[in-house]
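A.B. asks: coords please:
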Amino acid sequence: MISKEMTVKLSGGMEARPVAVLVQVASQYDSSVYLQVGEGKKVNAKSIMGMMSLGLGAGANVTVVTDGSDEEAAMEEIEKYLSQAE
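C.D. replies: The predicted structure is shown next:
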């Protein structure tokens, strides 16, 4: 299991379309992928409804947690996606 704090750099934040793309990216991997905000809110990155419930805006800080056989590749792709400025 690995975890890493990241900043959402997508200019529009995590609205419907960017959330759908992130869910597609996360779903490509066998590993579990979670995004955590603050102390308590942790959601499955493969769940559109869960991701939408976070309401992340541009500049938000999140902790990404991946766990499984391809956790490093999953972490790399999630970071690449969240770090791009549209």
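
A.B. asks: contacting residues around the residue of the chain most remote from its centre?
C.D. replies: If you look at how far each residue of the chain sits from its centre, by CA atoms, centre = their mean, the farthest one is residue 69, at 17.9 Å. Contacts for residue 69 (CB atoms under 8 Å, 6 or more residues apart in numbering) come out as 30, 31. In this view, the C-beta of every residue, glycine as well, is placed from N, C-alpha and C.

A.B. asks: Quick check: it is in a helix.
C.D. replies: No. Under the criterion used here (DSSP: H, G, I helix; E, B strand; the rest coil), residue 69 is coil, not part of a helix.

A.B. asks: any idea how far the nearest residue to residue 44 once chain neighbours are set aside is from residue 16?
C.D. replies: On the basis of CB to CB, 6 or more residues apart in numbering, the spatially nearest residue to residue 44 that is not a chain neighbour turns out to be residue 50, at 5.2 Å. Taking CB to CB, to the nearest Å as the measure, residue 50 and residue 16 are separated by 14 Å.

A.B. asks: State the number of residues packed around residue 6.
C.D. replies: 17 (other CB atoms under 10 Å).

A.B. asks: what packs against the helix or strand harbouring residue 53?
C.D. replies: Counting by DSSP states H and E, the secondary-structure element that holds residue 53 is helix 48-54. Using 3 or more CB pairs under 8 Å, 6 or more residues apart in numbering; DSSP states H and E as the contact criterion, the neighbours of helix 48-54 among helices and strands are helix 16-27, strand 32-37, strand 41-44.
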